[in-house]
Every structure is written in structure tokens, then in C-alpha cells.
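Student: Provided below for reference: sequence and predicted model.
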Amino acid sequence: MEALLDISRRETCRLALLLHLFVFSAAAQCLRPEVGENWILTEETLLKNDFPEGSEATLECDNGYEKKNGSVTINCINGKWSESDIVCKKKDCGPPPPEPHMTFDDSEGTLFGSKVRTLCEEGYRISGSSFRHCYASGWFGRGSCNIVTCPIPTEVENGTISWESDKKPEYGQIINFTCNPGYRLNGSERIMCSKTGKYDPLPPTCIGVTTEDSITTKIITSSAATTKQVSTSTPRPKPVTTLASMRSSTQKQDNRSSLPKRTAGTTILPYSTSSVYKDQNLQTINVNKSNRHLPVIVSVILVTIVGLIFIFMLNKCLDKRKGSYDTGEDLKPELLHFQTL
């Protein structure tokens, strides 16, 4: 009986000892550490299942962050983890790598999570993404600046163009236009590929030359060579105007009515296909046409005035003679002598 009691006591003590060891061991073990602000557990720490008393856990900064200062380890002491003093900051991607004809607007900064806008130089256009994003691995986003092109110009009817390539004209390139004989340009003779991908100004056309244009061309080409000619004149004494000279001048003026009048100081320009020179030439001819009738008008007015003066004087003489015979006025001695005879 006593033997049975001894065995029972031994088992009871053994169970008590095991229970004590289990409770003490459970109280001394730490749980898995929790992540903090901008830091996480390393892969080595994550692979552990138990964290007994005195064990160590390693830390690292979260994705997109880097260590600024502090320790990367914590320890299990009395079933609790020591405080972590690690400080993590955002990574700085720095300026984006330069690319041809491209600039960046980094007003939002270059830290992790920010983005910059890509800008192209004048005459270039973005192809791809318009933004670059700062990720943990660096800048992400593809884009390039390509030069602006314009459509290939079409052939102009009754004229030719200087563009002979199969490629599209690029920004800043100039194309010249010329018209065939008998035609003139309606618009500018030069156009340029602009930054918008359109021509500035618009392409011209070739239109047929009118009768008025032909007359202007003949007059200008016969009066001038390839350079400007400026005619000048020196002042001369003004001749006395008589009735005969006025008539002779009128006849000469009528004979020359079909020719353009060339006055002192008039500048004659060679014929040009430009509409600016055409307008100037037409204005010169219109002024000459209006001025060629001026001498005729002046001559008629002067002849009329002289005639009226002659008639007036003749009438006065007749009135004097009539008054002498009718009223018995005293005649001059010469007239009395004439009556006596």
C-alpha cells in the first residue's frame, strides 16, 4: 500500500514539474514582431516560427524607402520585443535621364511616388507617355520627342514646286512655288512647315494672266531692265503759252495718248509675278491715265477765257462808236478831220 502511495506521489511531482516548465517556457517566448512605420521584417525573420527569450529579429525599410539612421535589430526580453529606433525615408530618384529635344517639369519633386511631366522643344511632338513616375527601382515611363512633319505638298496646276522628295517635309523646311509662262501666283511663292503640322501660309495656286496684266507686263518690261531705273529731271524755264503753242501741245498730247506718261521722279520697276508689284504698277498706270487729259482741259479753259476777253473788248469798242454818232458827243480832232474830208 505504501509502495503504491510512493509511486502516486512521484507521478504527481513529475506532472507538477512538467507543468511548471511549460508555463515558464510559454511566458518567456515572444510573439512574431509586428511591422512598424515604413519598415518590415526581413525574410530571415519571417521564416522563423518561434521567438524564445533572448532571440533576435532583423528589420529593413519598406519598398521605396531607405534607411536614414537607427538599428535594424530588436530583441525578445521577458516575452516582449525591445523598441525599434530605425528611421526610413523615401528614396530620391533624382533628375530623369536627359533625352534629345526633351525637358521635364519636376515641380512635384523627385521622391518616391512623385511624377514629372515631359515637355518637347518647339517643332517637336511627344510620342508615348507624357509622364515619368518615380518607383522603387527608379524612373518609369517611356516617351520620345519626334520632329513635326507636314503632308507632302500636292502638285500645283500650271506650275511647279521645289519639293521632290518622297519624305514628308519637316518643321521649318520651306517649299517654293513657280508658275508656267502665261500664269501668275495667287498667294505666296514660299510656304513653311509650321509647328502645328500645317503650312504657313497656305499653298498658292497659278491663275491665268488677264489682259490688264499683259499690258502692265509689256509696259514695265519695255521701260526697264533687270534693275530699277530712276528718272530725274532738272528744272527748266517755263515757256510763254500762246494759242498756237497750246493747239500744237494739244495735238502732240493726243498723238501720245496711247503711251504711258513718264514724269520726273517716277520709278520704273521690272515685271514681277508678285501681286505686290502688280498692284503698284496698276496704280502707276491709272495715275498716268488720269493725268494725260489734264493739258487738254487746261488748254480748253485758257482758249475760252481768251475768247471771252476778246468778245468783251470788241463789244466795248462798238458801244463807244455808237454813242458818238447818236448823241452828238464831241469827236476827237482826228475823227473831225476825217469827217471834213
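Tutor: Perfect, I can see it now.

Student: any low-confidence regions in the stretch 101-250 of the chain?
Tutor: Applying pLDDT under 70 to the stretch 101-250 of the chain flags residues 211-250.

Student: how about a cut-off of 50?
Tutor: Scanning the stretch 101-250 of the chain with the threshold set as pLDDT under 50 gives 220-250.

Student: tell me the contacts of the residue nearest to residue 180 when sequence neighbours are not counted?
Tutor: Sequence neighbours aside, residue 158 is the residue nearest to residue 180 in space, at 5.1 Å (criterion: C-beta to C-beta, 6 or more residues apart in numbering). Backbone N, C-alpha and C define where each C-beta goes, glycine included. Residues counted as contacts of residue 158 (C-beta atoms under 8 Å, 6 or more residues apart in numbering) are 179-180, 183, 206, 208.

Student: Just the buried ones among those residues, please.
Tutor: 179, 183, 206 (16 or more other C-beta atoms under 10 Å).

Student: Which single one of those is nearest to residue 117?
Tutor: Taking C-beta to C-beta as the measure, residue 117 lies nearest residue 206 of the buried ones among the contacts of residue 158, at 46.2 Å.

Student: thinking again about what came up before, so which of the contacts of residue 158 comes closest to residue 64?
Tutor: Comparing the contacts of residue 158 against residue 64 with C-beta to C-beta places residue 206 closest, at 65.2 Å.

Student: Which of the buried ones among the contacts of residue 158 fall in strands?
Tutor: Secondary structure defined by DSSP state E assigns 179, 183, 206 of the buried ones among the contacts of residue 158 to strands.

Student: what about the helices in the protein?
Tutor: With helices called from DSSP state H, the chain shows them at 2-28, 43-46, 211-223, 243-255, 275-291, 294-327, 333-340.

Student: roughly how far apart are residue 83 and residue 69?
Tutor: Computed as C-beta to C-beta, to the nearest Å, the residue 83 to residue 69 distance reads 15 Å.

Student: cool, residue 209 as well?
Tutor: From residue 209 to residue 69 the distance is 87 Å (C-beta to C-beta).

Student: who's more crowded, those two?
Tutor: residue 209 (17 against 9; other C-beta atoms under 10 Å).

Student: gap between that one and residue 138?
Tutor: Counting by C-beta to C-beta, the gap from residue 209 to residue 138 is 67 Å.

Student: per the record, what domains does the protein have?
Tutor: 26-90, 102-147, 152-209, 296-340 (automatic domain parsing).

Student: Out of those domains, which gets nearest to residue 96?
Tutor: Smallest distance to residue 96 across the domains of the chain (C-beta to C-beta): 5.1 Å, for domain 102-147.

Student: returning to what we had before: using JSON lines, lay out the contacts of residue 158 together with distance to residue 142.
Tutor: Converted to JSON lines, those look like this (distance: C-beta to C-beta, whole Å):
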{"residue": "179", "distance to residue 142": "48"}
{"residue": "180", "distance to residue 142": "50"}
{"residue": "183", "distance to residue 142": "51"}
{"residue": "206", "distance to residue 142": "47"}
{"residue": "208", "distance to residue 142": "54"}
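
Student: Which member of the residues you listed is positioned nearest residue 41?
Tutor: When the contacts of residue 158 are compared against residue 41 (criterion: C-beta to C-beta), the nearest one is residue 206, at 81.0 Å.

Student: how many other residues sit next to residue 313?
Tutor: 10.

Student: swap in residue 113?
Tutor: Applying other C-beta under 10 Å, we find 14 residues neighbouring residue 113.

Student: which residues does the closest residue to it other than its chain neighbours contact?
Tutor: Taking C-beta to C-beta, 6+ apart, and ignoring the residues beside it in sequence, residue 113 has residue 134 as its nearest neighbour in space, at 6.4 Å. Counting by C-beta under 8 Å, 6+ apart, residue 134 makes contact with 91, 93, 110-116, 140.

Student: can we see that at 7 Å?
Tutor: Contact analysis of residue 134 by C-beta atoms under 7 Å, 6 or more residues apart in numbering lists 93, 110-115.

Student: most surrounded residue in these?
Tutor: Most neighbours among the contacts of residue 134, by other C-beta under 10 Å: residue 93, with 23 neighbours.

Student: Is the spatially closest residue to that residue that is not a sequence neighbour bridged to anything, and to what?
Tutor: Spatial nearest neighbour of residue 93, excluding adjacent residues (C-beta to C-beta, 6+ apart): residue 134 at 3.9 Å. For residue 134, the beta-bridge partners are residue 139 (DSSP bridges).

Student: State the distance from residue 134 to residue 94.
Tutor: Separation of residue 134 from residue 94 (C-beta to C-beta) stands at 9 Å.

Student: which neighbours do these two share?
Tutor: Contact with both residue 134 and residue 94 is made by residues residue 110, according to C-beta under 7 Å, 6+ apart.

Student: coming back round to it: can I get the domains of the chain in CSV with distance to residue 11?
Tutor: Listed next are the domains of the chain as CSV, based on distance: least, C-beta to C-beta, whole Å:
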stretch, distance to residue 11
domain 26-90, 23
domain 102-147, 61
domain 152-209, 97
domain 296-340, 154
